[in-house]
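Asker: Dropping the sequence and predicted coords here.
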Amino acid sequence: MTTKEMLGRVDHTQLKAFATWEDIRKLCDEAVRFGTASVCVPPTYVRRIHNTYGDRINICTVVGFPLGYSVTAAKAAEVEQALADGCNEIDMVVNISDVKNGLYEKVEQEIRTLKQICGDHILKVIVETCYLTEEEKIAMCRAVTDAGADYIKTSTGFGTGGATRADVELFRKHIGPNVKIKAAGGVSTLEDLEMFIELGCDRIGTSRAVGLCADSAEQDR
């Protein structure tokens, strides 16, 4: 796989609470230049990005981020606003408290509700693996599959750990055929990027990929 092809699987990410428009504009310019799959940005910047870049950029934003314990109605409102502002993809955080309490059907219903709002737009479900047991991870694979979401995503990048080989391999065993995998959190080297793609991840969430791949990508252009 060429560097250009790898970057085509990257959600180029800037989700820091103190991200400025200058930071976001730099992210978007890099995404356009290197052909990343999307930019993943705070909801507050979605409309401005859409107005500035139009169809040149695929916009992803986060919902219930990063802790996940917002009520479903609040998450639904976030999704509706993001789509109205011009967002194409939603990365939602599950209610981790509900997962820890074994309320898997409730979690599944929340995912289903948000997917219904998303319609043809992509919904990625962040399960925050660093807080879950193996049993809970498997339950989330079922919930994401049965709710009709498009992706299961390992991590927010704000928890105590990020994507691991073991978690991606576990996902592959337990998700349905229509669910893809996004690895995020701690993808900090070119070797990490290559490994997760080789493991079958369709998307990688990272802020570092362009910096790691820029020289090679320029040669591919």
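Answerer: Looks like it arrived, so ask away.
Asker: do you know how far residue 36 is from residue 6?
Answerer: In this structure, residue 36 and residue 6 are 10 Å apart, going by C-beta to C-beta, to the nearest Å. No exception for glycine: its C-beta is placed from N, CA and C like everyone else's.
Asker: before we move on, which element is residue 39 in?
Answerer: When secondary structure is defined by DSSP states H and E, residue 39 falls within strand 38-41.
Asker: what residues does the next helix or strand after that strand touch?
Answerer: Once strand 38-41 ends, the next helix or strand along the chain (criterion: DSSP H and E) is helix 46-53. Contacts of helix 46-53 with the rest of the structure, by C-beta atoms under 8 Å, 6 or more residues apart in numbering, involve 21, 24-25, 28, 32, 39, 41, 57, 59, 61, 82, 85-87.
Asker: From the residues you listed, list the buried ones, please.
Answerer: Among the contacts of helix 46-53, those that count as buried by neighbour count (16 or more other C-beta atoms under 10 Å) are 24, 28, 39, 41, 57, 59, 61, 82, 85, 86, 87.
Asker: Identify the contacts common to residue 36 and residue 6.
Answerer: Common neighbours of residue 36 and residue 6, using C-beta under 8 Å, 6+ apart, are residue 209.
Asker: Please enumerate the strands of this structure.
Answerer: Taking DSSP state E to define them, one finds strands in the chain at 10-13, 38-41, 59-63, 89-93, 122-126, 151-153, 180-184, 203-206.
Asker: Give me the distance from the fifth one to the chain's centre.
Answerer: Relative to its chain's centre, strand 122-126 lies at 6 Å (C-alpha atoms, centre = their mean, to the nearest Å).
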